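Participant: Turn this into a model:
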Amino acid sequence: MKRARVVIVATIVLVVIALIATGIWWRTNSFSSKSSSQLATSGFIESKDTSVSFEVAGRLVALNAQEGDTVKAGDILARLDDTLLQSQKEQARANVRLANASLEQATLSVDSAKSAWQRAVDVKNSPSTLDTQVIAAQGAMNAADLNISKAKLDSDYAIDQLQTKIDYDQRVIDSLPDAVDFVTKSQIIQAELQLDTDQANLDYEKELAQSYYIPAAALAKEVASQTLQSLVSADYFAEVQANNTYQIADTNLKVAQERLNEANLSLQAIDIQLSKLSIAAPVSGIIVTRNAKIGELAQPGSAVFTIADMSQVTLDVYVSESKIGQVEIGQKAEVTVNSYPGQSFPGIVAYISPRAEYTPQNVQTQGQHLETMAFTVKINLNNPDYKLKEGVAANANILVSP
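Facilitator: As a prediction, this is how the structure comes out:
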């Protein structure tokens, strides 16, 4: 009797323990099921491709990358021939120098005219200083005559020197044989460029002599002459004439400043055009295509390179109609590929298509083989080591709420 009672008590204890264990298991699995579950799907890895092209047409003279090369943003990838623009830039620089010289001449004219006008006013108001100022004006006249002679001599010497250099450049060109190889052709091109540069300098020096050196000296003489005449006459009309000369010189100064601005803008425009003769990598990544060869004519907008940004890739998967309600932007996902067995790559749901489409034949959705419509879901994955390759098939488990 006592033995039977012990057996009954032991049985009751075992039953209670079993019930408690069953309750704990149920609560644990129920909570886990409610907290999160996995939605399995599959798709293909995609990268962000960027085409690199020129804005202008031109002959390719340099290609600095091959397919498969890794490049950084800002790396120069290709260049077009800039020979013509460089020549135009030299001419634009000469125009800027000439405009600067004209501005200096105009500034000198304003200063001289203003001084002459002020002296005329002083003479009119202080006759006692007339004799001293007349002597000074006569000295200025003599100095102006000397400056005219010196300006002519300096200009003639500079022009003769440049003409001698041009004659030498031409003899160099004539001595070179016909262009039968790349080296000879390069020497001819270099010699012709030197000749063009020296010719431009000669034209600039002639223009400078005609427009600045000699006119400036002549103007100084004219101002000195007017000053002397105004001092001798020392009347009201001399002061008025000096003031008019000053006003005209001031107007010419403003015109010269505008011409300098225009010359600088022309030079800047050429610099902008030169900057478009090279293309840099807009992003870091891998060169996946190179569509040109050195010597070919590049067209505006035609892709020379294609760069794949592999640092962050996207997995495009498809989720069926019956499961799409469980997927939300920002949910985590674990991605696996056959090339790295046993390794998973974390990702984030970044996009859910608002429109259903027919499920592609080469992808699978979880447990809905009879459903033909699905939604595209994009999962972003960081790929710093470039392990995930574009076009590779991948499986994904999206952590969703049940």
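Participant: Hmm, Y386 and Q312 touching each other?
Facilitator: No. Using CB atoms under 8 Å, Q312 makes no contact with Y386, being 10.8 Å away. Any C-beta I mention is one placed from the backbone N, CA and C, and that applies to glycine too.
Participant: Not counting its own residues, what contacts stretch 58-77?
Facilitator: Residues from elsewhere that reach stretch 58-77, judged by CB atoms under 8 Å, 6 or more residues apart in numbering: 52, 78-81, 277-290, 292-298, 304-305, 307.
Participant: per the record, what domains does the chain have?
Facilitator: By the record's domain assignment, the chain is partitioned as 36-49+308-400, 50-80+278-305, 83-275 (automatic domain parsing).
Participant: end to end, how far does the longest one reach?
Facilitator: Start to finish, the residues bounding domain 83-275 are 13 Å apart (CA to CA, to the nearest Å).
Participant: Chain neighbours aside, what residue packs nearest to V400?
Facilitator: Nearest residue to V400, sequence neighbours excluded (CB to CB, 6 or more residues apart in numbering): Q326, at 4.0 Å.
Participant: Do you know the pLDDT at that neighbour?
Facilitator: Looking at Q326, its pLDDT reads 91.
Participant: Please work out how many residues are found near the closest residue in space to F305 that isn't next to it in sequence.
Facilitator: Nearest non-adjacent residue to F305, counting by CB to CB, 6+ apart: V52, 4.4 Å away. Per other CB atoms under 10 Å, the neighbour tally for V52 reads 22.
Participant: ok, now K378?
Facilitator: Per other CB under 10 Å, the neighbour tally for K378 reads 18.
Participant: Give me the three-state assignment for it.
Facilitator: strand (DSSP: H, G, I helix; E, B strand; the rest coil).
Participant: and it, what is it in contact with?
Facilitator: Listed by CB under 8 Å, 6+ apart, the contact set of K378 reads 314-317, 349-352.
Participant: Which of the residues you listed are buried? Put it as a PyMOL command.
Facilitator: Remark: buried members of the contacts of K378, expressed as a PyMOL selection using 16 or more other CB atoms under 10 Å:
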select buried, resi 314+315+316+317+349
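Participant: In JSON lines: the contacts of K378, plus secondary structure.
Facilitator: What follows is the contacts of K378, written out as JSON lines (three-state DSSP):
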{"residue": "T314", "secondary structure": "strand"}
{"residue": "L315", "secondary structure": "strand"}
{"residue": "D316", "secondary structure": "strand"}
{"residue": "V317", "secondary structure": "strand"}
{"residue": "V349", "secondary structure": "strand"}
{"residue": "A350", "secondary structure": "strand"}
{"residue": "Y351", "secondary structure": "strand"}
{"residue": "I352", "secondary structure": "strand"}
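Participant: hey, least reliable of the domains of the chain by pLDDT?
Facilitator: Among the domains of the chain, domain 83-275 scores lowest, with a mean of 75.
Participant: Could I get the full set of helices for the stretch 51-200 of the chain?
Facilitator: Under the criterion DSSP state H, counting those that start in this stretch, helices of the stretch 51-200 of the chain are mapped to 83-125, 130-175, 182-208.
Participant: Cool, thanks, talk later.
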